[in-house]
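Q: Pasting the sequence and the predicted coordinates here, then a few questions.
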Amino acid sequence: FSHALQEVGQRLDPDWMVVMDDDGRPATGALAAFRAMDRAEWDAVGAAVFTPSGEICEMNRPYRNPFWHLREFARTLRGKGRGGFHLQDQAYRPDAPVTEVDMSSFVGLFLSRKAVRRAGLPDERLFIYGDDQLYTLTMRRRGLRIAFAPKVRFEHDTQARQAAGGLVLRPLWKVYYMYRNALIAYRVAAGPWFWPLVPLLLVKWRRKARDYGSDAARFRHLLDLAIRDGLARRLDRSHAEVLKIAENGQ
């Protein structure tokens, strides 16, 4: 994403650019719906992302940062979990209004020239996962506005599945990036609340091992490494090393 945005910006200097994963694609009419929007007040526009079977893609559900908004913070504390600050299903209805959000994923995110110039480029060292969270949270902190547009629909043909403990990632090496980068993103989102939050996150994440069956031990090993590197904000571990650790479990 970092290299592509830089390349397109230098070659074409477009008014808007759209980013998507290699397993993501616009649904029929998505680009037309974007063009038809009144975008005068928005610096970025995030799509409503669905699986190929038509379900809302959980890993791409936008949110309003509960550490910045009292209503979302209160709902989360009342036991709503991620449902307290992520957009609810009704926000995805085609006739639902455009909603302002603080985080939108890189599957169907339209970025204005102003947004890229002010926010810069995504950090390529993150590799996968969390880069969209950090980038869009940075945009918001710099005064840019992000819209969630339910009429702009994308499809994400991801292999990740939702289980009792949350998303189950395959291949297993993805676990490292998911949780390392999540800690770095939480630090930005939570601000002074980050360190009190860390113990709760670690307990919750370690429980996810039960969803990995016979790979539970390797999951825990990768998770522990991710936690160490995430807390240290270490981004220089090579992908080859991560692959080796995921394969050998050490």
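A: Received the coordinates, thanks.
Q: Grab the nearest non-local neighbour of residue 230.
A: The shortest distance from residue 230 to any non-neighbouring residue, by CB to CB, 6 or more residues apart in numbering, is to residue 183 (3.0 Å). Using the backbone N, CA and C atoms, a C-beta is placed for each residue, glycine as well.
Q: what does the model give the one you found for pLDDT?
A: Listed pLDDT for residue 183 reads 95.
Q: and the gap between it and residue 108?
A: Residue 183 sits 26 Å away from residue 108, going by CB to CB, to the nearest Å.
Q: what about these two, which has more around it?
A: More crowded of residue 183 and residue 108, by other CB atoms under 10 Å: residue 108, with 28 against 23.
Q: May I have the residues that are in contact with the more buried one?
A: Residues near residue 108 by CB atoms under 8 Å, 6 or more residues apart in numbering: 18-20, 24, 26, 30, 46-49, 60, 152-154.
Q: Just grab the bridge partners of the closest residue to it other than its chain neighbours for me.
A: Leaving aside its sequence neighbours, residue 108 sits nearest to residue 47 (CB to CB, 6+ apart; 2.9 Å). Judged by DSSP bridges, the bridge partners of residue 47 are residue 149.
Q: ok, the closest residue to residue 191 other than its chain neighbours - contacts?
A: The shortest distance from residue 191 to any non-neighbouring residue, by CB to CB, 6+ apart, is to residue 67 (6.1 Å). Contacts of residue 67 were listed using CB under 8 Å, 6+ apart, and they are 73, 189, 190, 191, 193.
Q: Hmm, residue 63 and the second one touching each other?
A: No - contact between residue 189 and residue 63 fails when scored by CB atoms under 8 Å: they sit 9.3 Å apart.
Q: Model confidence for residue 83, exactly?
A: Among the per-residue scores, residue 83 holds a pLDDT of 68.
Q: quick one: the helices in this protein?
A: With DSSP state H as the criterion, the chain has helices at 2-12, 30-36, 70-75, 113-119, 131-141, 174-190, 194-206, 216-231, 239-248.
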